[in-house]
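Chemist: model the following, please.
(2 chains)
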Amino acid sequence: MVYDLEFEKPLAELEKRIASLQRKGERLRPEEHVQLQEYERELRRRTEEIYRSLTAWQTVQVARHKDRPYTADFIHLMCEEFFELHGDRRVGDDQAIIGGPALFNGETVMIIGHEKGRGMREKMYHNNGMPHPEGYHKAIRLMEQAEKFGYPVICLVDTQGAFLGLEDEERGQGSAIAASLYAMARLRVPIIAAVIGEGGSGGALAISVADRLLMLEYSIYTVAAPEAAASIIWRDKVYAPQTAEAMRISARELYALGLIDELVPEPLGGAHHNHRLAAENLKMALIHHLQELRQIPVDRLVQMRYEKYRAVGPFGFAS
Amino acid sequence: MAKEAAGSSGGPQPERPSGPGVAPDNLMVKCPKCKEILYSRDWEKNLKVCSRCNYHFRLTAHERVSLLLDPGSFVELDAAMVSVDPLNFVSRSQSYAAKLQEERAKVGLNEAAIRGYGTIEGLPLSLAVMDFRFIGGSMGSVVGEKVTRAIELGLERRWPVLVVSTSGGARMQEGFYSLLQMAKTVAALARLSEARIPYFSLITDPTTGGVTASFAMLGDVILAEPGALIAFAGPRVIEQFMHVKLPEGTVNSEFVLQHGMIDAVVHRRELRATLARLLRLYKVPEAERAQQSAPAAQSSVEAATLLSRQPAQSRAEVGGGQDGLRS
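Modeler: Now for the predicted structure:
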């Protein structure tokens, strides 16, 4: 376990003490043994306490943690088999979005997700999970293929947002995202999207128009990264923490607002402390929702998806 | 989303679409692009286009309606629809609720879009028109709802649908609700498309973020005014993000046309006639159009000066839901 976030300092301190006692191993004196157990209990208690009441900004930091399980990790841990498909059949292969058919709980599904990549080299290869238009075109290709074969689609969402370069404008970033939203709105197979880390803006929405939207407990979903939103509203990034709070971007708040279907519990101290357990929890939730969605005739399913999105967004009338 | 904040998008722009260029005595207007001093009267006659450099000044939603529709044919619906601040958004002592009130007073509109129906050269259509003055034309629940209802009216009456976009993107203060408006409007467009009813998108300066990445880019035919900033991420955002400097006017109508993202760049003077041509070409089959009659169609009138006409009379209903679309 590593506690390295700012608000985890008291936990890191405890962890250090535990580690130094553990190093003694066999030479641990009886009273030190008691001490060790006490520290461990204390660490558990404090972790639960801190994580129970994370602020929006703290949740952002957990959602962005460098050791958090990414799409490739989840695929590896949840699926019996996976074959990655490459390329949008037009321009190139964008590795910010990966995907392909997978055996999931004994059945073929199409898995598509943002991949950030771990470590410098992987991050460059995956563009830190920020797709170009080709990424969305690939995602659409995979979804249409899933529809053809009747495979459910599972999307794992983890991006700061779509990439914002001049080349992306040239190749139609806006059109690509719009086309993906359009494809998902009418796709005739079940779609489940799960936010596993960062749900950033249109770049995330583009692969999460779904029959069910799940979020890991310490993930976020936001109209714009808090830094971007702060510079839009206040012209200054330093107000990102307050803006994050005001926009209610944590999974818990979105669940309370009724905007997502399920909050998937994370291991103690966040998914990055136990990838295997995080994946198990997500897998259980996905199996449950898939079973439900499979019962629904496809016409009804598409109708329900439409109604779900049609109804979102409260408004009033001035008198 | 709203990558380009209100009023500061790339290229030379007046602070507000039709205001600040206007000299105190209202006789003269300065073009923000070429700095030419223009007589207000000539400028208005020229549909608020600079006669020297062709710069298209931003129009208000009602000016746009007057420009495009047959005089007197526009019937506004849902004019009283207002945002309700679903997040109880407060940031640094400013509340969204207060901001909304301020904008309503300042702009004289209830929201950043108007919607209704009318005719162009006698041909009926359902339309929604955005207004950049209202919180940078940003899309929250009300804008999303109005655009969706415009699409649904087209679906119900089998009328073509026109959306005129100008927007900084999704509205931050409604958070995730704003983002989901992209999915909502696009889902409605998918239905329209399945019913084989044409959808025209007219993109005007500036249009960025979540609007570009949803209904603006999904038209069966996509038109844009010359020189309009059209981007997912505007130049200022790209510069910040990539740490590069872009030349002036990099991402505009001509750029997206060149890269195959839109169908045509149309001068303001030609817009009305162009839309009329499209309405004639993409006629919804008579058999399918069935019983519904067109709204009182005015005979075709040449596009006259903009401001000599009053904003079309609006029959805005209060209390909502009275246009028979939704319960």
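
Chemist: contact partners for residue A:106?
Modeler: Listed by Cβ atoms under 8 Å, 6 or more residues apart in numbering or on different chains, the contact partners of residue A:106 are residue A:80. The way it works is simple: take the backbone N, C-alpha and C, and place the C-beta from them, glycine included.

Chemist: let's see 6 Å
Modeler: Residue A:106 makes contact with no residue, according to Cβ atoms under 6 Å, 6 or more residues apart in numbering or on different chains.

Chemist: now swap in residue A:165 and tell me
Modeler: residue B:242.

Chemist: okay, it: pLDDT?
Modeler: At residue A:165, the model reports a pLDDT of 92.

Chemist: right, and residue B:177 touches residue B:87 too?
Modeler: No. Counting by Cβ atoms under 6 Å, residue B:177 does not reach residue B:87; the two are 7.5 Å apart.

Chemist: who has more neighbours, those two?
Modeler: Counted by other Cβ atoms under 10 Å in any protein chain shown, residue B:177 and residue B:87 do not tie: residue B:177 has more neighbours, with 26 against 17.

Chemist: so what touches the host helix or strand of the more buried one?
Modeler: For residue B:177, the element it lies in under DSSP states H and E is helix B:175-194. Applying Cβ under 6 Å, 6+ apart, the contact partners of helix B:175-194 are A:181-182, A:185-186, A:205, A:209, A:221, A:223, A:247-248, A:259, A:306, A:309, A:312-313, B:86-87, B:139-141, B:144, B:147-148, B:151, B:155, B:170-171, B:199, B:210, B:214-215, B:218.

Chemist: identify each buried residue in it, please.
Modeler: B:175-193 (16 or more other Cβ atoms under 10 Å in any protein chain shown).

Chemist: model confidence for residue 60, exactly?
Modeler: You didn't say which chain, so I picked chain A. 97.

Chemist: switch to chain B, please.
Modeler: 98.

Chemist: and the closest residue to it other than its chain neighbours, how many residues sit next to it?
Modeler: Among residues not flanking residue B:60 along the chain, residue B:131 sits closest, at 5.6 Å (Cβ to Cβ, 6 or more residues apart in numbering or on different chains). When counting by other Cβ under 10 Å, one arrives at 26 neighbours for residue B:131.

Chemist: ok, now residue A:31?
Modeler: When neighbours are defined as other Cβ under 10 Å, residue A:31 has 8 of them.

Chemist: could you measure from it over to residue B:133?
Modeler: Relative to residue B:133, residue A:31 is positioned 73 Å away (Cβ to Cβ, to the nearest Å).

Chemist: repeat that for residue A:248.
Modeler: The value you get for residue A:248 to residue B:133, if Cβ to Cβ is used, is 27 Å.

Chemist: just to revisit the earlier point, quick check: angle from the following helix or strand past the helix holding residue B:177 to helix B:175-194?
Modeler: Sequence order places strand B:199-207 as the next helix or strand after helix B:175-194, per DSSP H and E. Relative orientation of strand B:199-207 versus helix B:175-194 (axes from the mean of the first three to the mean of the last three Cα atoms, to 10 degrees): 150 degrees.

Chemist: just the CA atoms of the next helix or strand after strand B:199-207, as CSV, please.
Modeler: Toward the C-terminus, strand B:199-207 is succeeded by helix B:209-212 as the next helix or strand (DSSP H and E). Only the C-alpha atoms of helix B:209-212 are listed here, as CSV (Å, rounded to 0.1, in the frame of the first residue of the first chain):
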residue,chain,number,x,y,z
GLY,B,209,-17.2,22.9,-27.6
GLY,B,210,-20.3,20.7,-26.9
VAL,B,211,-22.5,22.3,-29.5
THR,B,212,-19.9,21.7,-32.2
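
Chemist: secondary structure element for residue A:73, which one?
Modeler: Per DSSP H and E: helix A:71-78 holds residue A:73.

Chemist: elements contacting the next helix or strand after that helix?
Modeler: The first helix or strand that comes after helix A:71-78 along the chain, using DSSP H and E, is strand A:81-82. Packing partners of strand A:81-82 (3 or more Cβ pairs under 6 Å, 6 or more residues apart in numbering or on different chains; DSSP states H and E): none among the helices and strands.

Chemist: how distant is strand A:81-82 from the center of its chain?
Modeler: How far strand A:81-82 lies from its chain's middle: 20 Å, per Cα atoms, centre = their mean, to the nearest Å.

Chemist: with stretch A:85-95 instead?
Modeler: 22 Å.

Chemist: for that stretch, list every residue counted as buried.
Modeler: A:88, A:92, A:94, A:95.

Chemist: residue contacts, the closest residue to chain A within the stretch 51-200 of chain B?
Modeler: Of all residues in the stretch 51-200 of chain B, the one sitting closest to chain A is residue B:141 (3.1 Å; Cβ to the nearest Cβ). Residue B:141 makes contact with A:313, A:314, A:315, B:174, B:177 under the criterion Cβ under 6 Å, 6+ apart.

Chemist: lowest-pLDDT helix or strand in chain B?
Modeler: Lowest by mean pLDDT, DSSP states H and E among the helices and strands of chain B is helix B:286-289, with a mean of 52.

Chemist: the residue nearest to the spatial centre of chain A sits in which helix or strand?
Modeler: What sits nearest the mean C-alpha location of chain A, by Cα atoms, centre = their mean, is residue A:196, with 2.0 Å. Using DSSP H and E, residue A:196 maps to strand A:191-200.

Chemist: next helix or strand past that strand?
Modeler: helix A:201-205.

Chemist: hmm, the following helix or strand past that next one in reach of chain B?
Modeler: Moving toward the C-terminus from helix A:201-205, the next helix or strand (DSSP H and E) is strand A:212-216. No. Strand A:212-216 does not reach chain B (Cβ under 6 Å from any Cβ of the partner chain); its nearest approach is 9.9 Å.

Chemist: send the alpha carbons of strand A:212-216 over as CSV?
Modeler: Provided in CSV are the C-alpha atoms of strand A:212-216 (Å, rounded to 0.1, in the frame of the first residue of the first chain):
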residue,chain,number,x,y,z
ARG,A,212,-26.7,1.9,-17.8
LEU,A,213,-24.1,4.3,-16.5
LEU,A,214,-22.0,3.0,-13.6
MET,A,215,-19.2,4.8,-11.8
LEU,A,216,-16.5,3.5,-9.5
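
Chemist: and it, what does it pack against?
Modeler: strand A:191-200, strand A:262-264.

Chemist: pLDDT on it, on average?
Modeler: 98.

Chemist: neighbouring strands - and their directions - for it?
Modeler: strand A:191-200 (parallel), strand A:262-264 (parallel) (DSSP bridges).

Chemist: CA atoms of the first one as PDB?
Modeler: Right, strand A:191-200. Output of strand A:191-200 as PDB, limited to C-alpha atoms (Å, rounded to 0.1, in the frame of the first residue of the first chain):
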ATOM      1  CA  ILE A 191     -24.700  -0.700 -23.800                       C
ATOM      2  CA  ILE A 192     -23.200  -0.400 -20.400                       C
ATOM      3  CA  ALA A 193     -20.700   2.400 -19.600                       C
ATOM      4  CA  ALA A 194     -18.600   2.500 -16.500                       C
ATOM      5  CA  VAL A 195     -16.500   5.400 -15.500                       C
ATOM      6  CA  ILE A 196     -13.300   3.900 -13.900                       C
ATOM      7  CA  GLY A 197     -11.400   7.100 -13.300                       C
ATOM      8  CA  GLU A 198     -12.000  10.400 -15.000                       C
ATOM      9  CA  GLY A 199     -15.000  11.200 -17.100                       C
ATOM     10  CA  GLY A 200     -13.900  14.300 -18.800                       C
END
